Every structure is written in C-alpha cells, then in structure tokens.
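**Student:** Provided below are the primary sequence and the corresponding predicted coordinates.
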Amino acid sequence: MNEPTYRTVNNLRKSGDLQGAWDFGFKALQTAPQDNYLKGALFWVCYEFLKFQLENLNKRASTSNNYRPTDFEFEQIESLLQTIVNLGIATGGLEYKMLLVQFKKSLEWFPSLVHLVLRHQSNLFDDEAKKPFQAEKGEVPSLMLSTARQVASAWLRARDPWQIELQVVLVFLNQTREQTADTKHMIWLDYDEAKCLVVAGQYEQARNLILPILRKKQRESWAWGALAATYLKQDQQLAMKFFAKGIVSAHDITFSLRLLRGIIPLLLANQQQTEASMCLKMAMSAYEKNGWKVKPELQQLSQQPWFNPSVDDARLNSFLTSICSDALDYLHGPLETVTAIVENIHKSGKGFQVFIDRSTSLPVRIGLHKSKGKPSAGDYVKLSLSKTDEGKEVVHSTPCKEVVMADVSFVEGALRIAPKGFGFVEDTFVPPFLIGNKVNETQVRAMRIMTWDKSKSRHSWKAIRLTELSSHE
C-alpha cells in the first residue's frame with residue numbers, strides 16, 4: 001500500500017533531506033492542488049528553510065540589534081514567505097503562529113509577512129498569543145503586541161513601496177489594544193500609533209495618544225519630542241517649546257540628539273542663529289565625544305553661513321529652560337493647587353489615597369510625590385490637580401505643614417474595641433489595622449476625616465491615624 005504523499009514529505013524533512021521533500025512535495029501539489037495535508041507538510045519544509053536563512057541574520061542582530069536583512073537575505077527569505085502565502089493554509093493552526101514567533105523581531109522587513117498579518121488580523125492569534133510572557137527579568141510582550149508594533153514600524157518605513165494602507169494598520173492596532181492582556185508594554189503601541197498619525201497629518205489624534213504617555217513619562221526626552229512633532233506643522237512656537245523641554249529633561253545629551261536636530265530649523269525660522277549654533281555644536285560634540293560618525297545632515301548644517309563654531313554652548317541650557325518654563329501647563333492644562341491629607345497607603349506600596357474633603361478622595365502615584373521619605377497616613381500634602389474627562393487627576397504632590405481643613409478634626413478618648421476587631425473613639429470609627437495591639441479602653445487621640453458610610457447611608461467620622469496618650473496627658 002502506497003504511503004500518503006504528505007507523509008512522504010514529512011519523512012523526507014525529518015530525515016534532513018529538505019530539498020528532496022521540497023522537490024517531491026511541490027511536484028505532487030501540481031496534481032493535487034487542494035490537498036491540505038500536503039500543503040501543511042510543505043509549510044514545515046519552507047519553515048525549516050526559513051530557519052536556516054534566518055540564522056545569520058539573527059546571529060548578526062544579537063550584537064547590533066539591527067534585524068535589517070542584506071539584499072541577498074531579503075530575496076531568499078521573501079521568496080520562501082511568498083511560497084508559504086501561496087499555499088493558502090487556513091488560520092487557527094500552529095503554522096502561522098510558529099512563523100510569527102520566528103520573525104518576532106524582524107517581521108517589519110518582509111512585506112509578504114506584513115500583508116499576511118493585515119489580511120488575517122487577529123485570526124492569526126490564539127489566546128496564548130494574546131498574553132504577555134512572564135520572564136525572570138519581567139513581562140515580555142505578547143506575540144500579538146510585538147507583531148502589531150512591527151507592522152506599525154513597517155508602515156512608517158515602507159508604506160508607499162509596499163502599498164500598506166494606514167486604515168488597515170489602525171484597525172489591527174486597535175484590535176491588539178482591545179484583545180491582548182499586556183499592561184506594561186501597551187504604552188509603546190500607543191506611541192507607535194501616534195508616530196503613524198503624525199506622518200499621516202492626523203495631529204490631533206496623535207496628540208490624544210501622546211499626552212497620556214507624557215503625563216507618565218515627564219522626565220523622558222523622547223516623549224516631549226513626540227509631542228513637539230504634533231505641532232511642527234501647526235504651531236512652531238509650541239513645537240520649539242516642547243523640543244526645548246525634552247532637551248533639558250534628557251538624562252544624558254545623547255538622548256536628546258534627535259530633539260537638537262529637530263529644534264534647529266525652528267530656531268532659524270525664528271531668527272535665532274546663535275541659539276541654533278549652540279544646538280548644532282552641542283549635538284556634533286556628543287557624536288565626536290562618543291566616537292560616532294557625525295550624521296550627514298549635521299555636517300551639512302555645519303557648513304551653512306549662519307553656523308558659528310566658536311559660540312559658547314554652555315549658555316544653551318539656560319536659554320532652553322527659559323522658553324519651556326510653562327511646558328507643563330500645556331501637558332495638564334491649568335493646574336489647581338489644594339491641600340490634602342494622606343488617607344491611606346496602597347497595599348502595593350506604589351501609591352496612596354488623599355482626602356481633600358468629604359466628596360473628594362484621589363489616588364496618587366508614589367512617583368508623583370516629591371519627598372525624601374515615604375508618606376504616612378495623616379500627613380499633610382500639597383497637590384497640583386489637572387482636569388480630565390473623568391474628573392481631577394493629581395500631577396504633583398509635596399509634603400506641607402498642618403493646616404485647618406474642612407471635614408478633618410481630632411478627637412480624644414477611650415478606645416472601645418468591638419469583638420470583630422474594629423473600634424470607636426466617641427463617635428469615630430476606627431479600622432482594625434489602626435488598632436494593632438492596643439487594648440480596650442486605651443486612651444488615644446484620633447485624627448479623623450468625614451467620609452460616606454455606605455452601611456448607614458450618611459457621612460460619619462473615620463480615624464486615619466491613632467496616637468496613644470500617655471497617662472499624664
């Protein structure tokens with residue numbers, strides 16, 4: 001009894017005879033073009049050839065992190081990918097998933113793969129591919145998220161020659177945002193989409209994505225540069241302001257090189273040749289100091305008559321600081337300053353809750369609190385608040401002195417502990433975690449706030465800090 005064709009192909013492949021499996025399989029496919037088992041077997045033959053072709057590319061990229069193929073590598077790999085696409089294998093199996101895993105870092109360089117993803121969209125990804133991988137060093141992006149970022153990068157670089165439609169890309173990015181379980185790296189998908197929208201001239205939509213990112217990444221120069229890019233064609237003064245903010249926010253001058261290049265034309269348009277010379281001199285010095293080859297565009301600028309190589313670039317930081325002093329106002333809108341009390345510390349330790357009055361209590365990320373020590377319940381803080389669609393958001397927090405506040409007071413008396421662990425001081429409820437190892441009838445002083453009591457459907461006093469009184473008090 002003759003062996004099925006697909007099994008012969010599989011056996012040849014497993015024995016290491018890939019070329020024999022290829023020749024036999026594709027010849028058989030001519031007479032049985034609808035044989036899905038044979039197509040599946042041929043996919044794995046192509047897959048093995050692709051792994052072989054990718055070896056040198058991946059080895060080279062392991063040190064340079066540059067996954068761009070040589071022209072020869074591109075032709076060989078793209079030909080194999082086109083062969084796979086032409087097989088027309090149905091989605092839902094292991095084939096495409098393994099293919100995307102293999103090209104997780106290099107997909108953006110191959111049009112056949114990009115179009116394959118955009119044609120099938122989320123159908124290529126099972127539940128596992130939509131979940132991030134928890135590695136020793138932290139969360140690794142899900143396969144769907146990493147693929148979406150590669151597709152966005154491909155559009156930015158090769159949208160015209162590869163005829164990639166932005167709207168199709170945006171649909172895929174939105175599906176990724178809705179369907180994946182990623183949290184840590186989702187911000188980068190928003191950033192990628194914003195870059196695409198800037199290139200497409202959809203500045204308002206791009207800004208709506210960038211501003212939430214920037215509120216979390218205020219100290220990152222690239223985030224300010226992204227916001228500046230949304231204003232380049234609409235308001236050059238604002239673009240210059242945000243480029244300046246990004247440059248002075250950089251941890252190292254090398255992180256602001258793109259921004260220095262971006263602000264130079266704006267300074268020249270504003271007749272500020274001296275400041276433009278400072279930016280150019282500082283950028284070129286950074287390249288030379290690190291032993292890097294100076295970018296051709298910088299070399300060309302240095303040959304322009306406006307450039308003064310002897311300019312004192314030490315004055316640049318103070319100039320940039322002066323023009324971006326109010327940059328945060330554009331990030332958050334008009335800010336409201338209020339005094340609040342730390343109500344409690346979040347269990348995660350990554351933030352705390354503040355009490356402003358009986359109707360307003362807000363969360364604060366610990367990174368927004370500027371203090372040498374960690375806050376404690378009952379501490380007074382001064383907050384800067386911005387208005388958002390959801391209400392108010394804390395953008396800055398600092399310790400401050402005690403002030404008189406509505407809905408905040410103190411009460412002294414005996415701590416009456418109930419059997420269930422909570423207690424009362426006069427009419428003030430004391431949560432169990434505040435009581436600790438204190439015994440019944442201990443004399444205490446309670447700092448209390450007026451909060452809504454759901455069980456009684458009315459406002460009542462709740463203690464947030466408890467201090468034991470010594471016997472002579």
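**Tutor:** Everything's here; your move.
**Student:** Are we agreed that L415 is in a strand?
**Tutor:** Yes: per DSSP: H, G, I helix; E, B strand; the rest coil, L415 lies within a strand segment.
**Student:** Pairing-wise in the sheet, spell out the partners of it.
**Tutor:** V425 (DSSP bridges).
**Student:** confidence score at it?
**Tutor:** pLDDT recorded at L415 is 94.
**Student:** same thing with W22?
**Tutor:** pLDDT recorded at W22 is 96.
**Student:** Can you tell me the element the nearest residue to it once chain neighbours are set aside falls in?
**Tutor:** Nearest residue to W22 in three dimensions, chain neighbours excluded: V45, at 5.4 Å (CB to CB, 6 or more residues apart in numbering). Bear in mind the C-beta positions are built from the backbone N, C-alpha and C, glycine included. Using DSSP states H and E, V45 falls within helix 36-64.
**Student:** Of all the residues in that helix, which ones are buried?
**Tutor:** 38-50, 53-54, 57, 60-61 (16 or more other CB atoms under 10 Å).
**Student:** What is it packed up against?
**Tutor:** Packing contacts for helix 36-64, counted by 3 or more CB pairs under 8 Å, 6 or more residues apart in numbering; DSSP states H and E, involve helix 5-14, helix 18-31, helix 71-87, helix 95-102.
**Student:** before we move on, the earlier item: residues contacting the residue nearest to W22?
**Tutor:** Contact analysis of V45 by CB atoms under 8 Å, 6 or more residues apart in numbering lists 9, 13, 18, 21-22, 25.
**Student:** Would you write a PyMOL line that selects the buried entries of those residues?
**Tutor:** Remark: buried members of the contacts of V45, expressed as a PyMOL selection using 16+ other CB under 10 Å:
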select buried, resi 9+13+18+21+22+25
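**Student:** Pick the one among the contacts of V45 closest to V311.
**Tutor:** Within the contacts of V45, distances to V311 taken as CB to CB reach their minimum at L18, with 62.7 Å.
**Student:** Roughly how far does the closest residue to that closest one other than its chain neighbours sit from Q19?
**Tutor:** In this structure, L18 finds its nearest non-sequential neighbour in E48, 5.5 Å apart by CB to CB, 6+ apart. Per CB to CB, to the nearest Å, E48 is found 11 Å from Q19.
**Student:** now do D326
**Tutor:** Here the criterion is CB to CB. By it, D326 lies 68 Å from Q19.
**Student:** go on, I263?
**Tutor:** 57 Å.
**Student:** Compare these two (neighbour count), which wins?
**Tutor:** Shown here are I263 and Q19; by other CB atoms under 10 Å, I263 has more neighbours (27 against 11).
**Student:** That one contacts K241, correct?
**Tutor:** No: taking CB atoms under 8 Å as the definition, I263 is not a contact partner of K241, at 9.7 Å.
**Student:** and for the two, which residues touch both?
**Tutor:** A228.
**Student:** Mind pulling the model confidence for the most centrally placed residue in the chain?
**Tutor:** What sits nearest the mean C-alpha location of the chain, by CA atoms, centre = their mean, is I187, with 2.4 Å. I187 is assigned a pLDDT of 94 by the prediction.
**Student:** For the host helix or strand of it, list every residue counted as buried.
**Tutor:** Here I187, judged by DSSP H and E, is contained in helix 186-199. Across helix 186-199, burial judged by 16+ other CB under 10 Å covers 186-198.
**Student:** what residues does it touch?
**Tutor:** 145, 148-149, 152-153, 155-156, 166, 169-170, 173, 176-177, 180, 203, 205-207, 209-210, 212-213, 216-217, 226, 229-230.
**Student:** again, 6 Å this time
**Tutor:** By CB atoms under 6 Å, 6 or more residues apart in numbering, the residues outside helix 186-199 that reach it are 149, 152, 155, 173, 205-206, 209-210, 213, 229-230.
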